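Novice: Just need the structure, nothing else, for what follows:
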Amino acid sequence: FSRAEVLGKDLVEVYISEEFRRPVRNVLDNALAGIGTANYEFPLYTKEQMRVDVLLNATPRRDASGKVVGVIGVGQDITERKQAEEEKTRVAQELQTFIDTANAPIFGIDDKGLVNEWNNKAAEITGFSSEEVVGRNLVEDFITEEYHTSVKEVLDNALRGMEAANFEFPLYTKDQRRVEVLLNATTRRNATGKVVGVLGVGQDITERKDAEVVKARVAQELQT
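Specialist: Down below sits the predicted model:
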C-alpha cells in the first residue's frame with residue numbers, strides 16, 4: 001500500500017485482520033491515553049493478502065503543550081523470525097514423537113543426573129512409566145549398586161562432551177528382572193551450544209546375552 005492509499009483510512013478497521021482488531025485498538029487507545037506499549041506482536045496483511053508479522057512499539061504523540069494528539073507506531077518485520085520459530089517448534093515436536101515412539105529404549109537426564117526423558121519403549125521394558133521416573137536420579141534409583149560408578153562415569157563424561165558408544169550395563173525392571181542394555185550416550189545441548197543433559201539410546205540385548213551364556217556353557221561342557 002502506498003502512502004496515498006492509506007492516509008485518512010482507519011488503521012484498525014481497514015488494515016488489521018478481524019481477530020486482532022480489538023487488542024490492536026486497545027494498544028492504540030492506551031497510547032492515546034498516554035500509556036505506551038512495547039513489543040506487541042500482531043499480523044498485518046499486505047495488498048496481496050500476504051501475512052506480515054509485526055513487533056510494535058506504540059508511543060503517545062504530543063504537541064508542543066504536551067497534549068496527546070496521536071500515536072507513533074514503530075514496527076519491526078519479524079515474519080522470518082516467526083517462521084523460523086514455527087519451524088523449530090515443528091522439528092522439536094517431530095523429534096519428540098520419534099523419541100516417544102522409537103522401537104528402542106530412550107532416556108534423558110539433565111545436568112544433575114535427573115531423568116527428564118523416558119520413552120514408551122523404556123517404560124515397556126522396565127515396567128516403570130514416565131511419570132514414575134521423571135525427576136528421579138537415574139543412577140541412584142534405577143541402576144544396581146555394582147554399576148553405579150561405571151554408569152555415572154559414562155553419563156558424567158557425556159555431560160562434559162565426551163560421548164560413549166556401545167556401553168553395556170544392566171537395568172532392573174519394576175518386578176526385579178534383569179535387562180541387559182547396550183547404550184549410546186549422547187551429549188544434549190541447548191540452542192546456544194551449552195550442555196544441558198544427556199540423551200541415552202539403548203538396545204535391549206538380554207536375549208543375545210542369554211544366548212551367549214548358553215553357548216559358552218555348552219562349549220565348556222563339550223570340552224569336559
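Novice: Mind pulling up the pLDDT for the most centrally placed residue in the chain?
Specialist: In the chain, the C-alpha nearest the mean C-alpha coordinate belongs to residue 92, at 5.6 Å (CA atoms, centre = their mean). For residue 92, the model assigns a pLDDT of 80.
Novice: If you count neighbours, what's buried in the host helix or strand of residue 122?
Specialist: Per DSSP states H and E: residue 122 is located in helix 120-126. For helix 120-126, the neighbour count (16 or more other CB atoms under 10 Å) marks 120-123, 125-126 as buried. Any C-beta I mention is one placed from the backbone N, CA and C, and that applies to glycine too.
Novice: State the next helix or strand along the chain beyond it.
Specialist: Following helix 120-126 in sequence, per DSSP H and E, is helix 130-133.
Novice: Give me the residues contacting that next one.
Specialist: 107, 115, 118-119, 123, 141-142 (CB atoms under 8 Å, 6 or more residues apart in numbering).
Novice: Can I get it in CSV, CA atoms only?
Specialist: Extracted as CSV, the C-alpha positions of helix 130-133 are listed here (Å, rounded to 0.1, in the frame of the first residue of the first chain):
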residue,chain,number,x,y,z
SER,A,130,7.4,-41.9,32.6
GLU,A,131,5.5,-40.4,35.5
GLU,A,132,7.3,-42.8,37.9
VAL,A,133,10.8,-41.9,36.8
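Novice: now the next helix or strand after that helix, how far from the chain's geometric center?
Specialist: Going down the chain from helix 130-133, the next helix or strand is helix 138-142, by DSSP H and E. Distance, stretch centre to chain centre, for helix 138-142: 24 Å (CA atoms, centre = their mean, to the nearest Å).
Novice: still on that earlier bit, let's see if you can find the most crowded of the contacts of helix 130-133.
Specialist: When the contacts of helix 130-133 are compared by neighbour count (other CB atoms under 10 Å), residue 107 ends up highest, at 28 neighbours.
Novice: Fine, thanks again, bye for now.
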